[in-house]
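Visitor: Quick one, structure for this:
(one chain, ligands or ions: 1)
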Amino acid sequence: MTTDPWAERVAAIHRELGVPADYAARTGLPLVREPETLVEVSPGRTQRRHWLEPYAAARWASMEAAAEGDGIRVVLVSAWRSVDYQRGLIERKLARGEAIEDILAVNAAPGYSEHHGGRAVDLGVPGAAPLTEAFEHTDAFTWLTRNAERFGFALSYPRQNAHGIVYEPWHWAIPMDTTVA
Ligand SMILES: [Zn+2]
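Guide: Residues are numbered from 1 along each chain as shown. Have a look, this model is predicted:
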């Protein structure tokens, strides 16, 4: 029995949703904690408001500006998301009759999404459907593969990733174990 309140809260949500007990072991995904502080990012540039933890917010702002300086428009589609948000997302899919195993191939279980930590962004380009594999054929994706590393961002879920998560060319994150200088 764990005495970590966060881990217990996540475990309780998993029991409610029917997430397999071996989920963490099977995917190799770490438990992600929500940050204490969040900063609004790209204010006024997107339809919805978005937040990241302070370090990632600064790095994202630099990367967004550098891309724009190179004539590349990268649109922030999603940034920080809470564990409760992830639970609601999965609950709605379950209510539509989707199987939990199928849902977990596309959505991380609550507590295991990189978005909870506030260091992950989903990116798109203006006028294109977001969160599709087609993003890999955009100039923005090419720019990111060449430049994101300079800002600490990496593609989290490449093709055939060890976590069993579908290929997500739009999802870039600063690894949670990156030390803030
Ligand atoms: Zn994502």
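Visitor: Please tell me how far whichever residue of the chain sits closest to the ion sits from Pro20.
Guide: Residue nearest to the ion within the chain: His171 (3.6 Å; CB to the ion). For glycine as for every other residue, the C-beta is placed from the backbone atoms N, C-alpha and C. Plainly put, His171 is 23 Å away from Pro20 if you go by CB to CB, to the nearest Å.
Visitor: quick one, which of those two is more surrounded?
Guide: His171 (23 against 14; other CB atoms under 10 Å).
Visitor: May I have the beta-bridge partners of the more buried one?
Guide: Asp122 (DSSP bridges).
Visitor: Please report how far it lies from Ala11.
Guide: Counting by CB to CB, the gap from His171 to Ala11 is 25 Å.
Visitor: same deal with Arg87?
Guide: Relative to Ala11, and taking CB to CB, Arg87 is found at 13 Å.
Visitor: Also Ala57?
Guide: 30 Å.
Visitor: again with Ala25
Guide: Counting by CB to CB, the gap from Ala25 to Ala11 is 13 Å.
Visitor: Of the two, which one has the most company?
Guide: Ala11 (18 against 9).
Visitor: Look at the more buried one and tell me its secondary structure.
Guide: helix (DSSP: H, G, I helix; E, B strand; the rest coil).
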